[in-house]
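Undergrad: Sequence and computational prediction follow.
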Amino acid sequence: SFSWSGVEAGAYSLTARATDNAGAVTTSAAVSVTVTNPPATSSPVISGFSPASGPAGTEVTISGTDLTGVTKVSFGPSTADIKPNSNSGTALVAIVPSVNGKLPKKVNITVTTPGGSATAGEKFTITSALSSATVHRLQETGPEQELVVYPNPFSGKAIISFVLGTAGDYTLDLYDAKGVRVMLLKQGQAEGGESIVTEVNGARLSKGLYLVRLQSASGTKMSKLVLDK
């Protein structure tokens with residue numbers, strides 16, 4: 001084998017010459033080789049996105065140029081999933097990731113390709129999965145908590161969103177239909193009225209009915225969750 005590097009672009013004619021132990025020499029027929037420069041890689045550009053706001057799980061269409069080969073889409077510090085087969089080079093669909101903290105929250109959308117990174121000029125607003133009427137009711141009624149699971153049924157990932165009526169510790173668990181605890185989904189502390197979001201990944205779960213149980217100082221809340229693979 002022969003390695004040929006550092007060659008400028010152009011057309012070349014190559015021959016090989018061999019000499020045996022007796023000194024006899026033979027030369028091969030010429031082989032034509034064309035050397036080209038790799039195509040220039042341009043930095044991506046984001047021209048816009050739609051919708052401008054939504055909760056975790058929302059599909060957002062990001063438009064621009066030189067989006068081919070996107071390796072990462074970020075909403076603030078969180079990495080978003082890219083919808084399969086959605087990248088046309090001038091547009092792609094990203095799924096809003098779950099975030100912790102008080103909502104709504106404005107975050108930058110950043111797209112990364114082998115050519116570089118680009119951030120949208122406007123910020124995306126991640127909203128709570130709860131309606132404004134529900135949030136208002138929580139604020140008025142005091143020690144009450146809300147637990148929302150969507151999509152339901154689900155096949156891949158389900159988003160779980162909840163708001164505590166009062167500040168304190170919480171534990172979120174997943175149980176099967178027989179009442180056996182399958183896993184701890186999330187635990188920690190939260191302020192009253194703070195929206196907490198997490199995910200259930202159905203990849204390692206069996207098809208069927210599950211129960212999501214939220215335990216906090218406000219009491220216990222449960223919701224059914226159906227995995228339909």
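TA: Sure, I can see it.

Undergrad: any idea how far the closest residue to Glu146 other than its chain neighbours is from Lys102?
TA: Of all residues beyond its chain neighbours, the one nearest Glu146 is Val163 (4.9 Å), with distances taken as CB to CB, 6 or more residues apart in numbering. Heads up, the C-betas are built off the backbone N, CA and C, glycines and all. Summarising the geometry, the distance separating Val163 from Lys102, computed by CB to CB, to the nearest Å, is 10 Å.

Undergrad: Check Ile46 too.
TA: Applying CB to CB, the value for Ile46 to Lys102 is 26 Å.

Undergrad: the more surrounded of the two?
TA: With neighbours defined as other CB atoms under 10 Å, Ile46 and Lys102 compare such that Ile46 has more, 19 against 12.

Undergrad: Is the more buried one bridged to anything, and to what?
TA: Residues found in beta-bridge contact with Ile46 (criterion: DSSP bridges) are Gly64.

Undergrad: ok, now Ile160?
TA: Each beta-bridge partner of Ile160 is listed here, defined by DSSP bridges: Val149, Thr198.

Undergrad: Ok, Ser13 next?
TA: In this structure, Ser13 has beta-bridge partners Ser32, where bridges are defined by DSSP bridges.

Undergrad: I figured it hits Val31, correct?
TA: Yes. Taking contact to mean CB atoms under 8 Å, the distance of 7.2 Å between Ser13 and Val31 places them in contact.

Undergrad: Need the overlap of contacts for the two.
TA: With contacts taken as CB atoms under 8 Å, 6 or more residues apart in numbering, Ser13 and Val31 have no neighbour in common.

Undergrad: Distance across stretch 79-96, terminal residue to terminal residue?
TA: For stretch 79-96, the first-to-last residue distance is 9 Å (CA to CA, to the nearest Å).

Undergrad: One more: stretch 213-223?
TA: In terms of CA to CA, the two terminal residues of stretch 213-223 are separated by 7 Å.

Undergrad: model confidence over that stretch, on average?
TA: Per-residue pLDDT values over stretch 213-223 give a mean of 86.

Undergrad: Buried residues, it. List them.
TA: For stretch 213-223, burial by neighbour count (16 or more other CB atoms under 10 Å) applies to 213-216, 218, 221.

Undergrad: cool, and stretch 77-94?
TA: By 16+ other CB under 10 Å, the buried positions in stretch 77-94 come out as 80, 82, 87, 91-94.

Undergrad: just stretch 201-210 next, same as before
TA: Taking 16+ other CB under 10 Å as the neighbour-count basis, stretch 201-210 is seen to contain the buried residues 202, 205, 210.

Undergrad: So what touches that stretch?
TA: Residues external to stretch 201-210 that are found in contact with it (CB under 8 Å, 6+ apart): 154-158, 174-177, 182, 200, 224-229.

Undergrad: okay, how far is it across it, tip to tip?
TA: Separation of the first and last residues of stretch 201-210 by CA to CA is 13 Å.
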